[in-house]
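> predicted model and sequence below, questions to follow.
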Amino acid sequence: MEQRAHNGTGLAFMKMHGLGNDFVVIDARTGSDPVTPALARALGDRHRGVGFDQLAVIKPAEGADFTLDFWNSDGTRAGACGNATRCVSDWMMTQLGKDAVSLITTRGRLSAVRRADGLVSVNMGAPILDWQSVPLAREVSVEHLPIEGDPVAVGMGNPHCVFFVENAETIPVESIGPKIEHDSLFPERTNVEFASLMGPDHLRMRVWERGTGITLACGSGTCATAVAAHLRGLTGRKVLVDVDGGQLEIDWRDDGVWMTGPTMMVFEGVLSDTFLAAL
Ligand SMILES: N[C@H](CCC[C@H](N)C(=O)O)C(=O)O
């Protein structure tokens, strides 16, 4: 069997969620990274595992408080996960006795702070708006993709395809989402958002996540939607976004896109050796 950081004592994990976007979190700051695609898939199975939208792995970092890796429930990697970043940052702030932390993800150094009202804000970095880096398969305008419905492409460390629609509630996300996820314009597939304007600087958004499917919230998708809405002249740079699981505040500042919302630690547990041995 492949080497894994368990030796007859199981593998500790935490279950957290941000607005119902749920995560299993493994703290691998000491010892080796135990996660393989097979473990991610088994753990992500809501019947035979624990179930999650994303798996987040905390690892040591140089020049930051920690590194964070993300996996989807289909065993693929995600370059960004805003809600997990908020949840894990909150937990790490408590662990380290700080009100602010820095972390490394595949897109570089991010930062998070706990606000006086208890909500956690994460700077998700600047949006990626050049077609090669989203990435798109060929040179097109990211603000008007050649896809029916005229969506916008935004990278937040992961690709997003944002559609503005009259009423997001009536969109069959479960059938359109996977088609767009696999559109040939997106060589690494894409997350798919459907958004409608609710009022001044107020959006409603529903999401189909790459590698996971419909989720109750998507932090990076909410950031991408807010950026796209501003680019389209629909909103200012600071908006409230209603997702199925609640509301996020997005503020596209000069230093990056800040996302603010709640976090929840659900429980701590231990994966059994029997479960791990069956992988
Ligand atoms: N739920 C996450 C995004 C997951 C994106 C993932 N599905 C991908 O493959 O990029 C969030 O809060 O930002």
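Sure thing, it's come through.
> alpha carbons only for contacts and neighbour counts from here, please
Noted.
> who are the neighbours in contact with the residue nearest the centre of the chain?
Ranked by distance to the mean C-alpha position of the chain (Cα atoms, centre = their mean), the top residue is Cys81 at 2.2 Å. Cys81 makes contacts with 54, 70, 218-220, as judged by Cα atoms under 8 Å, 6 or more residues apart in numbering.
> top of the residues you listed by neighbour count?
Cys218 (31 neighbours; other Cα atoms under 10 Å).
> inside helices: which ones of the contacts of Cys81?
Among the contacts of Cys81, the ones falling in helices (DSSP state H) are 219-220.
> near the ligand, list only the ones from the contacts of Cys81.
218-220 (Cα under 6 Å from any ligand atom).
> before we move on, the earlier item: for the residue nearest to the centre of the chain, phi and psi?
Cys81 adopts backbone torsions of phi -150, psi 100, taken as degrees, to the nearest 10.
> before we move on, what about Asp33?
Main-chain dihedrals, Asp33, degrees, to the nearest 10: phi -70, psi 120.
> quick one on the thing from earlier: output the contacts of Cys81 in a markdown table; the columns should cover pLDDT.
Compiled in a markdown table, the contacts of Cys81 are given as follows (pLDDT from 0 to 100):
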| residue | pLDDT |
| --- | --- |
| Gln54 | 98 |
| Phe70 | 98 |
| Cys218 | 98 |
| Gly219 | 98 |
| Ser220 | 98 |
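> specify which member of the contacts of Cys81 is nearest to Ala278.
Ala278 lies nearest to Gln54 out of those, by Cα to Cα, at 21.1 Å.
> which residues sit in contact with the closest one?
Contact analysis of Gln54 by Cα under 8 Å, 6+ apart lists 22-24, 44, 70-73, 81, 84, 212.
> tell me the one among those residues nearest to Thr235.
Nearest to Thr235 among those is Cys81, at 23.5 Å by Cα to Cα.
> tell me the pLDDT of the closest residue to the ligand within the stretch 51-200 of the chain.
Using Cα to the nearest ligand atom, Cys81 is the residue of the stretch 51-200 of the chain that sits closest to the ligand, at 3.3 Å. In this model, Cys81 is scored at 97, pLDDT.
> close to the ligand: what parts of the stretch 151-279 of the chain are there?
Residues of the stretch 151-279 of the chain found near the ligand (Cα under 6 Å from any ligand atom) are 158, 209-212, 218-221.
> for the chain, which segments are assigned as helices?
Under DSSP H, the chain gives helices at 37-44, 82-96, 173-181, 219-231, 273-277.
> most packed of those?
A comparison of the helices of the chain by mean neighbour count, using mean count of other Cα atoms under 10 Å, puts helix 219-231 on top with a mean of 27.
> that one to helix 82-96, inter-axis angle?
120 degrees (axes from the mean of the first three to the mean of the last three Cα atoms, to 10 degrees).
> elements contacting helix 219-231?
Counting contacts by 3 or more Cα pairs under 8 Å, 6 or more residues apart in numbering; DSSP states H and E, the secondary-structure elements packed against helix 219-231 are helix 82-96, strand 152-155, strand 159-164, strand 191-199, strand 202-209, strand 238-243, strand 246-253, strand 256-261.
> change it to 6 Å
Here helix 219-231 touches helix 82-96, going by 3 or more Cα pairs under 6 Å, 6 or more residues apart in numbering; DSSP states H and E.
> quick one: distance of the helix it packs on to the chain centre.
Helix 82-96 sits 13 Å away from the centroid of its parent chain (Cα atoms, centre = their mean, to the nearest Å).
> how about stretch 264-273, which residues are buried there?
Going by neighbour count (16 or more other Cα atoms under 10 Å), the buried part of stretch 264-273 is 264-265, 271.
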